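Asks: Provided below for reference: sequence and predicted model.
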Amino acid sequence: MSALEQRLQVLINESQKARLDREAAATGRSVGAIVREAIDLRYSLDEPAKAVALQWIIEHGAKDHEEWADWQEIKAGILDDLSARVPDA
């Protein structure tokens, strides 16, 4: 028996569907697999795990890594990465 036992119906707009279709074509995966992965990535950490990660960042953050860029550089890098991953709508 398949581990996939729940069905979900959701309405999306044309742009969202086009992005899913492009990703499916580029990766050879189904749209459903891409949606499942997106759900797992977005909702994978529970609150206690997030708290542990935040505590690690506080304890081992930039003070231990003087070579780290300042926040504006880090933010710009994050935004660049997101722009490369998510095409304009």
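Replies: Structure received. In this text the structure is predicted, and so the values were computed from the model without any measurement.

Asks: Phi and psi next, for Leu4.
Replies: Main-chain dihedrals, Leu4, degrees, to the nearest 10: phi -90, psi 100.

Asks: Please tell me how far it sits from Ala33.
Replies: 10 Å (Cβ to Cβ, to the nearest Å). C-beta: built from backbone N, CA, C; applies to glycine.

Asks: And Glu59, by the same measure?
Replies: Counting by Cβ to Cβ, the gap from Glu59 to Ala33 is 37 Å.

Asks: about what we covered before: give me the more crowded residue out of Leu4 and Ala33.
Replies: Neighbours around Leu4 and Ala33, counted as other Cβ atoms under 10 Å, are more numerous at Ala33. The numbers are 13 against 8.

Asks: Following the chain onward from the helix or strand hosting that one, which element is next?
Replies: Ala33 belongs to helix 31-43 when assigned by DSSP states H and E. Sequence-wise, the next helix or strand downstream of helix 31-43 (DSSP H and E) is helix 47-60.
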